[in-house]
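**Q** sequence plus predicted model, see below.
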Amino acid sequence: MFKQLTAVIWMSLLTLPQRLGASSVIVIGIAGVVAVLVSVLAMAAGFRHTLADGGRQDRAIILRGGSEQELNSNLTRTDIATIGNAPGLLKDGSGKPVLSSELVTVVNVPKIDTGTDANVTLRGVGLKLVEVRPELKIVAGRMFRPAVRELIAGAGAAKQFRGLAPGGVLHLRNADWTVTGIFTSNGDVHESELLADVDTVGSSIERNGYSSALGLLTSAADFTAFRDALTTDPQIKVDVVREPDYYAAQSKQLSTAISVVGNTVAVIMAIGAMFGALNSMYSAVAARGLEIATLRAIGFGAVPVLMSVMIEALILSLAGGVIGASLAWLFFNGHSVSTLGGAFAQVVFQLTVTRTLIITGIVWACAIGLLGGFFPALRAARLPVAEALRAA
Amino acid sequence: MKYFPLLWATLWRKKTRTIFTLLSVTVAFLLFGLLETVDYAFAHPSSGVTGADKLLTLNKYSVTLSLPFADVREIRSVPGVAEATWITWFGAYYQDPKNFVFALPIDTDSYFNLHKDEFVVAAPEMQAFRNTRSGALVNAALLKKFGWKIGEKLPLHSTIWTQKSDGSLDWKFDIVGTFSVKDATQASAQSSTVLFHYEMFDEGRSFGAGTIGWIEERVQDASQAGQIAAKIDALFANSPNETKTQPANDFALTFIKQYGDIGFVLRAILGAVFFTLLFLTGNTMMQSVRERIPELAVLKTLGFGDAKLLGLVLAESLLLCVIAALVGLALSYAALPIIKLGLRGVELSPRALAPGLLVAVLLALIVGLPPALRAMRLNIVDALADKR
C-alpha cells in the first residue's frame, strides 16, 4: 500500500506541469488569501507591540481618580508631593523619589504623506525623566534643556510628521519650539510623541498642574503596597495602574477591531479560494481520468488514489501559503503607519510579520487546500473504472 | 435575446465548474460590497451637522486647548455670521467607560437658532428644558438604548470636569425630553448625544470657568463661508489663542483621516481579491471554450459569423460575472445592518454598491476576451478535425 501510494503521488506530481493553468489558480488564489491575512494581522500585531508590550511591571502611572486617560486627568502640585512620599517608590542617591510629573496635551502637526493636521501628543516630563525611563535613548541631536522651548521627538513621530528633524521648528501657541533631538524607547508608544520640560509646556498652555505621574518602584511586587497607600489616602483621589496595564487597556479596542476585520475578510476570501481550489482539483481529476482508471484497473487501491489527489492539493496550497506569507513579509514587514490611538492622539507603529503569523498563514493555506482537495479526491477514488476507460 | 437559451445551456454545460466559479465570483463581490461601503463611509463621514453654511472654530494648535468665552462676542460681530454658539467637550460615559455618551453643554437659544430645523423637539419638552436648570435633552435612540425614561435622573460620569461642590466627576441631570435628527444621513453622528445647559456646567465645574472648547457658526451665505472663516481667524491672529475655522464637514473629514489611509488598505485587499479572481474566472472561461471547440466549429459551419461567436463567448462571460456580482452585492447589502464600526459619524450606506456592477462588466470583458478571440479565429476544418 505504501509503495502504491508513493508511486501514485509521484505520478501525479510528474503530470502536474501539464495542468499548469488550473494548478496555478490554487497557488495564486491561496497566496492572495494568505498575503491579506498576514498583512492585516501584522498591523494588529504591530499596534499591540507598540502599545501593550511597552512599559515595565515596576513602573506605575498615577491619574486623577475616574479620568481613564492621561489627557483627561488633572493632578495638583500637592498631589504630586503626596505621591512622592508614598511607600514603594524608588529613591535616588539624594533620597528624592524617581518620579516624573507629566503634562499631556495634543498639538496639531501635519502628516508627511497627506499634509493634513494630526493630533500628536506633546508630553511634558519632569527632571527625573531619564531615571524613570532608562530605555529612552537619544539617537540624533541632543536632549532638550529645561526652561527653554525645546523638545525631542520620538523616532516614529519623526518618520510620520512634518518638521520633526533636529533643528526643526514647531509653532505652538504663538511661540516657536526647537526640535533638539530624536529619541527611541524600545519601540513603545512614546516614540510617537514629543517630549519637553513639563513646566515649560505648562506655562505655554497656561496650565497650572499636571496630567499624571510616572514612578519607578523599588520592585514590581511593591506595586500593591504603593497603590493601596495612595488609594486609601483620604487627601487625594487617584487611580494607580501598572504601566503595561494602562497601555494594554488603551490599545485593546483598536487591536481587537483590526484582528476581527482581518480575520473576517480572510475567512470570506478563504471561502472564495476554496471554491477555486475545488474547481481546479475537479478539473485535475477529470484530466487524469484515464490515468486514474488505468491505475485502478491494474490493481491500485482507492485510498492511494484519494491520497494522491489530496497531497497534490496540499502541495499546491502550501506553495500558495509560502508565496503569500513571503509577499506580506517582503512588502509590509517594518512598514511604518500611524493611526488615532485610544487617547485622541496619533500612535505610530510598524507592521510586524512575526513567525507566528507566517505559521498561521500557512496553516490557513493547508486547510483551504485540504478542504478544496477532499471532494475531488473522493470523486477520483470512486471513479467507475470501466466507464472512465471507455470514455477515453 | 434569441440566443439566450443557447447561452444558458452552454453556461451549465459543466454544472460543478459553473457553480464553483459562480460561488467564488459571488464571494469576491460580497467582499467588494463590504469593503467599498466601508471605504465610502470613511471618505464621507457625517459630521452631525447639515449644510455648507456651518463653520467650526477651534484652537489652532490643539483640539484639547480651550478658547476664551469672549471670542464668541467678537465672532458675532463679523459681518455675514448669522449665529454663533459655544460648546465644550464633556468626555462623559454612563455607568461604564464603554458606554460613551456625547454629552454637550449648550447655550439653548443660540444652539437651536444655529441648528434651525435640524432637530425635532416637542414644544412642551423644549419648554421643560428651558425651565429646568439641570435639564437634559436626550437623543430618542439613546433613551431607548439605555432604557432611560423622561422624568428620571441621569447620572453621567465626566472624565474631565470635577464639580466645584464636592470635587466629584459624577454629574446628575434630569431627563426632560428627547430629540431626534431630521437629516437621516447625520443621525448616526448624533446617536449618542445628550444636550444640557452650559450655565449649569460653567457654574458647577471646579476649574476652567469662562473657557470654551469650540465655537460653531452659521453664515448667512454659504458661498461666503471661506472668506468669513478667514476673517474670524484674522481676529485672533497673534493672540495667545489663535484659531482655526473650517467648514464643520471638513473638520469631520480631517478627524476621520487621522485614522490613517484606510482607503489604501481596503483597495489593496480588493486588488488582491480581484487579481486572484481574474486568474480563476479566466481559467474557467478558457477551459470552457477549449472543451467546446468542435461545437463552436459546428456553429461556424452553420453560418455563425466571427463577430457573432466573439459576442456569444463574451456574453457568456458577462452572464456569469453579472449573475455572481448581483448575488454578491445583494449579500453584502443584507450584511450591512449587522456591521458596526463603532466610530461616531462613520455610517455605512448602500450607495457605494452601485460601482460593483461596472466592475463586474469590466471583469467579464477582461476574462472573456482571450477565449472569445480564440473562438472567433477558429479555423473550421482544423477545429472539426479536433486539431487544437
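**A** Ah, there it is.

**Q** contact partners for residue 111?
**A** Chain wasn't specified; assuming chain A. A:D117, A:A118, A:Q160, A:F161, A:R162, A:S338 (Cβ atoms under 8 Å, 6 or more residues apart in numbering or on different chains). In this view, the C-beta of every residue, glycine as well, is placed from N, C-alpha and C.

**Q** I was thinking of chain B, sorry if that wasn't clear
**A** So B:Y111 contacts B:T85, B:I87, B:L195 (Cβ under 8 Å, 6+ apart).

**Q** pretty sure the first one contacts B:L104?
**A** No. Under the criterion of Cβ atoms under 8 Å, B:T85 makes no contact with B:L104, lying 10.3 Å away.

**Q** look at those two and report which has more neighbours.
**A** Higher neighbour count among B:T85 and B:L104: B:T85, with 23 against 18, using other Cβ atoms under 10 Å in any protein chain shown.

**Q** that one should be in a strand, yeah?
**A** Yes. When classified by DSSP: H, G, I helix; E, B strand; the rest coil, B:T85 is found to be part of a strand.

**Q** from A:T339, how far out is it?
**A** Distance of B:T85 to A:T339, given as Cβ to Cβ, to the nearest Å: 32 Å.

**Q** same check on B:P79?
**A** B:P79 sits 41 Å away from A:T339, going by Cβ to Cβ.

**Q** so between the two, which is more surrounded?
**A** For B:P79 versus A:T339, neighbours defined as other Cβ under 10 Å are more numerous around A:T339 (19 against 9).

**Q** give me the nearest residue to that one, chain neighbours excluded.
**A** Spatial nearest neighbour of A:T339, excluding adjacent residues (Cβ to Cβ, 6 or more residues apart in numbering or on different chains): B:G260 at 4.4 Å.

**Q** who are the contact partners of that neighbour?
**A** With contacts defined as Cβ under 8 Å, 6+ apart, B:G260 is in contact with A:V337, A:S338, A:T339, A:L340.

**Q** show me how to select, in PyMOL, the buried members of the residues you listed.
**A** Of those, the buried ones go into a single PyMOL selection, burial set by 16 or more other Cβ atoms under 10 Å in any protein chain shown:
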select buried, chain A and resi 337+338+339+340
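
**Q** chain A contacts on the stretch 51-200 of chain B?
**A** Proximity of the stretch 51-200 of chain B to chain A is confined to B:60-65, B:91, B:97, B:157, B:159-160, B:162, B:167, B:169-170 under the rule Cβ under 8 Å from any Cβ of the partner chain.

**Q** by neighbours, which of those wins?
**A** Ranking these using other Cβ under 10 Å puts B:Y61 first, with 26 neighbours.

**Q** outline the domain layout of chain B.
**A** Following automatic domain parsing, chain B resolves into domains at B:4-45+B:261-385, B:52-257.

**Q** show the average pLDDT along the longest one.
**A** On average, the pLDDT along domain B:52-257 is 92.

**Q** and the first one, by the same measure?
**A** On average, the pLDDT along domain B:4-45+B:261-385 is 86.

**Q** ends of it, how far apart?
**A** By Cα to Cα, to the nearest Å, the extent of domain B:4-45+B:261-385 from end to end equals 28 Å.

**Q** chain center to it: distance?
**A** 26 Å (Cα atoms, centre = their mean, to the nearest Å).

**Q** export the contacts of B:Y111 as CSV, with columns for distance to B:I366.
**A** What follows is the contacts of B:Y111, written out as CSV (distance: Cβ to Cβ, whole Å):
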residue, distance to B:I366
B:T85, 54
B:I87, 52
B:L195, 54
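
**Q** which one of those is nearest B:Q186?
**A** B:Q186 has its nearest neighbour among those in B:L195, at 15.0 Å by Cβ to Cβ.

**Q** let me know the helix or strand that the closest one is in.
**A** B:L195 is part of strand B:193-197 when elements are defined by DSSP states H and E.

**Q** which strands and helices sit next to that strand?
**A** On a contact count with 3 or more Cβ pairs under 8 Å, 6 or more residues apart in numbering or on different chains; DSSP states H and E, strand B:193-197 meets strand B:100-106, strand B:135-139, strand B:170-181.

**Q** partners of it in the sheet?
**A** Using DSSP bridges, strand B:193-197 pairs in its sheet with strand B:100-106 (parallel), strand B:135-139 (antiparallel).

**Q** just confirm yes or no for the helix or strand hosting A:M307 near chain B.
**A** Per DSSP H and E, A:M307 falls inside helix A:302-332. No. Under the criterion of Cβ under 8 Å from any Cβ, chain B is not reached by helix A:302-332; the shortest gap measures 9.0 Å.

**Q** list the buried residues of that helix.
**A** Buried residues in helix A:302-332, defined by neighbour count with 16+ other Cβ under 10 Å: A:304-329, A:332.

**Q** and stretch B:45-62, by the same measure?
**A** Buried positions in stretch B:45-62, judged by neighbour count with 16+ other Cβ under 10 Å: B:45-51, B:53-62.

**Q** can you count the residues close to the closest residue to B:S66 other than its chain neighbours?
**A** Among residues not flanking B:S66 along the chain, B:T211 sits closest, at 3.8 Å (Cβ to Cβ, 6+ apart). When counting by other Cβ under 10 Å, one arrives at 18 neighbours for B:T211.
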